[in-house]
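Undergrad: coords please:
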Amino acid sequence: MKARVSFTVDPEIIDKLDSLVDNISYRSKSEAVESILKKYFESQKSAVILCGGDLVIEGTNLYSPLVKLGSETIIEKIIGQVKKGGFRNIIISGKSEILKGAFTLLKNGEGFGVNIKYFDDNEVIGDAKALEKLRDYITSTTLFVPGDSVFSIDLKDMLNFHDSHNSTASIAVLNTTSEEYETNALITIRGNKITNYKKIETKIKSKLVPTSIMLFEPSLLRYIPPGNMNWKIHGDLLPILAKEESLSAYLSNGNWIKIHSFKDLERARNLLS
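TA: Presented below is the predicted three-dimensional model:
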């Protein structure tokens with residue numbers, strides 16, 4: 001349902017709006033204003049790609065975000081998916097060695113149609129604390145993606161889902177019967193809300209596989225305690241959000257794979273081909 005609003009603007013702006021109304025692209029000033037505002041808000045959407053922690057491919061000294069999968073590196077594939085989802089302001093936070101490699105590939109993002117900033121989190125312990133460090137840049141709904149994963153999840157649809165639910169955060173949950181997936185997180189879902197989220201030590205096969213792809217509001221940062229401590233998204237933050245029923249589950253039949261080994265790379269080639 002549309003909402004009626006009233007506001008005052010400069011006559012020159014009205015003249016420019018009138019010039020846009022051609023009964024083809026726009027049939028009215030209201031339609032032109034709505035379209036312009038939508039494009040503006042889309043241009044403000046931000047994503048955090050986290051490249052901290054232990055992202056080395058097993059048995060090598062190669063960092064997974066910089067490893068090639070086909071013709072592109074993992075980080076380039078993530079940038080492409082994030083851009084496709086409408087997120088063009090991108091923050092890459094991680095170890096300085098990974099950031100150097102990412103900058104060599106991506107520069108400021110202009111060649112990929114995005115805007116990229118880089119933040120060194122070498123001194124940060126825990127991915128939740130890495131998010132806290134970026135609080136000045138998290139001012140609206142933000143996408144979180146780990147830099148060691150590849151996926152085929154519809155980010156635009158996920159954003160529409162998140163916007164339609166009153167949650168601090170929404171996490172993509174694979175709804176699958178595939179034997180390829182294991183998880184070390186147990187969740188309970190009621191309706192669209194995750195009411196319990198628990199990390200476990202041993203991976204198990206499950207039809208519901210929580211990913212690390214998440215949309216969240218700036219209010220999420222208030223759950224992260226201040227100080228120098230090891231505080232993690234999956235182990236510490238999400239269980240609290242679930243207990244308060246502030247975490248929504250976006251069920252997806254897409255794919256998501258964390259790349260920690262050459263076996264993972266082969267699985268990714270098979271699942272995403």
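Undergrad: just checking, what packs against the helix or strand containing Ala268?
TA: Ala268 is part of helix 262-272, with elements assigned from DSSP states H and E. Secondary-structure packing of helix 262-272 (3 or more CB pairs under 8 Å, 6 or more residues apart in numbering; DSSP states H and E): strand 68-69, strand 256-258. All C-beta spots, glycine's among them, are computed from the backbone N, C-alpha and C.
Undergrad: C-terminal to the helix or strand bottoming out on mean pLDDT in the chain, what's the next element?
TA: Within the chain, judged by mean pLDDT, DSSP states H and E, the helix or strand with the poorest mean is helix 29-43; its value is a mean of 60. Counting by DSSP H and E, the element after helix 29-43 in chain order, helix or strand, is strand 46-51.
Undergrad: Can you list the helices and strands that that next one packs against?
TA: Looks like strand 46-51 contacts helix 74-84, strand 89-94, helix 96-106, helix 127-133, strand 142-146 (3+ CB pairs under 8 Å, 6+ apart).
Undergrad: mind running it again at 6 Å?
TA: Packing partners of strand 46-51 (3 or more CB pairs under 6 Å, 6 or more residues apart in numbering; DSSP states H and E): strand 89-94, strand 142-146.
Undergrad: Tell me which strands the last one pairs with, and in which orientation.
TA: Which is strand 142-146. If you go by DSSP bridges, strand 142-146 pairs up with strand 46-51 (parallel), strand 208-216 (antiparallel).
Undergrad: Give me the residues contacting the first one.
TA: The contact list for strand 46-51 (CB atoms under 6 Å, 6 or more residues apart in numbering) reads 65, 78, 82, 87, 89-94, 98, 127, 130, 142-147.
Undergrad: now do 7 Å
TA: Outside of strand 46-51, the residues that reach it under the criterion CB atoms under 7 Å, 6 or more residues apart in numbering are 65, 78, 82, 87, 89-95, 98, 102, 127, 130-131, 134, 137, 142-147.
Undergrad: Report the distance from the longest strand seen in the chain to the chain centre.
TA: In the chain, with assignment by DSSP state E, the single longest strand is strand 193-205. The chain centroid and the centroid of strand 193-205 are separated by 20 Å under CA atoms, centre = their mean, to the nearest Å.
Undergrad: in that strand, what counts as buried?
TA: Neighbour counts using 16 or more other CB atoms under 10 Å place Lys193, Ile194, Tyr197 of strand 193-205 among the buried residues.
Undergrad: Likewise for stretch 152-163?
TA: Of the residues in stretch 152-163, those scored as buried under the neighbour-count criterion (16+ other CB under 10 Å) are Ile153, Asp154, Leu155, Met158, Leu159, Phe161, His162.
Undergrad: Out of these, which comes closest to Leu251?
TA: If you rank the buried residues of stretch 152-163 by distance to Leu251 using CB to CB, Phe161 comes first, at 9.0 Å.
Undergrad: Pretty sure the closest one sits in a helix.
TA: Yes. With DSSP: H, G, I helix; E, B strand; the rest coil as the criterion, Phe161 is assigned to a helix.
Undergrad: Check the average confidence over the helix holding Ala268, would you?
TA: Model confidence over helix 262-272, given as mean pLDDT, is 88.
Undergrad: Same check on stretch 74-82?
TA: Stretch 74-82 shows an average pLDDT of 97 in the prediction.
Undergrad: contacting residues around that stretch?
TA: Residues from elsewhere that reach stretch 74-82, judged by CB under 7 Å, 6+ apart: 47, 49, 64-67, 69, 90, 102, 105-106, 112, 114, 143, 145, 147-148, 150-151, 155, 259.
Undergrad: now do 6 Å
TA: Outside of stretch 74-82, the residues that reach it under the criterion CB under 6 Å, 6+ apart are Ala47, Ile49, Ser64, Pro65, Val67, Ala102, Phe112, Val145, Val150, Ile259.
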